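**Student:** Build me a structure from this.
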Amino acid sequence: MIKTYIDCNILLDWLLDREPFSSYSAKIIELTETKKILGLVSPLTLANTYYIISKELNKKIADEFIIDSLRIFSVPGISLRNVKEAVSNKFKDFEDDVHSSIAAENNVDFLITRNKKDFKNDKFKVLDAEEFLRIIVRK
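**Tutor:** Sure thing, here's the model as predicted:
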């Protein structure tokens, strides 16, 4: 099974119906929910998404998002090692370095994000949602 790490912006595109990205994100969520791919999100992703959804929509929807996410996604932990690796990386964003470390530690095949330039890793491919779906269709 293909193992993916799903970045916060993919979830937000889906939840906030941000066109033209939401249709691609919704398909990735559907593939995860139907167990055609394994979708991982970190507790950091859940926390960030919860915060944004509670502000942009409301707390009830944010609560429902967490409940659904725990059913749909695999949620690996954040370790001290992930934080130390992120600090030692010289990329643009500490948070993205944490995500990259978690993704690598969990041996994902793909990290799916709309901010591809923020991730540099040779252990997995970094794709946007549309690119990922094109690859899945070919398999």
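**Student:** only C-alpha atoms for contact and neighbour calcs from this point on.
**Tutor:** Noted.
**Student:** what's Met1 in contact with, if anything?
**Tutor:** 36-38 (C-alpha atoms under 8 Å, 6 or more residues apart in numbering).
**Student:** at 6 Å instead, please
**Tutor:** By C-alpha atoms under 6 Å, 6 or more residues apart in numbering, the contact set of Met1 is Ile37.
**Student:** With the one 3 residues further on instead?
**Tutor:** Applying C-alpha under 6 Å, 6+ apart, one finds that Thr4 lies in contact with 39-40, 108-111.
**Student:** again, only using 10 Å
**Tutor:** Neighbour list for Thr4: 28, 32, 37-41, 74, 103, 106-112, 124-126, 132 [criterion: C-alpha atoms under 10 Å, 6 or more residues apart in numbering].
**Student:** Same check on Arg114?
**Tutor:** Shown in contact with Arg114 (C-alpha under 10 Å, 6+ apart): 7-10, 13, 21, 126-130.
**Student:** Now, of the contacts of Thr4, which are buried?
**Tutor:** Burial by neighbour count, 16 or more other C-alpha atoms under 10 Å: within the contacts of Thr4 this picks out 28, 32, 37-41, 74, 103, 108-112, 124-126, 132.
**Student:** Do a quick rundown of the helices in the protein.
**Tutor:** For the chain, applying DSSP state H gives helices covering 8-15, 22-33, 43-56, 59-72, 80-88, 94-105, 129-138.
**Student:** Give me the angle between the shortest one and helix 22-33.
**Tutor:** Computed by axes from the mean of the first three to the mean of the last three C-alpha atoms, to 10 degrees, the angle separating helix 8-15 from helix 22-33 equals 100 degrees.
**Student:** which helices and strands sit right next to helix 8-15?
**Tutor:** In terms of contacts (3 or more C-alpha pairs under 10 Å, 6 or more residues apart in numbering; DSSP states H and E), helix 8-15 is packed against helix 22-33, helix 43-56, helix 59-72, strand 110-112.
**Student:** and with 8 Å instead?
**Tutor:** Packing partners of helix 8-15 (3 or more C-alpha pairs under 8 Å, 6 or more residues apart in numbering; DSSP states H and E): helix 22-33, helix 43-56.
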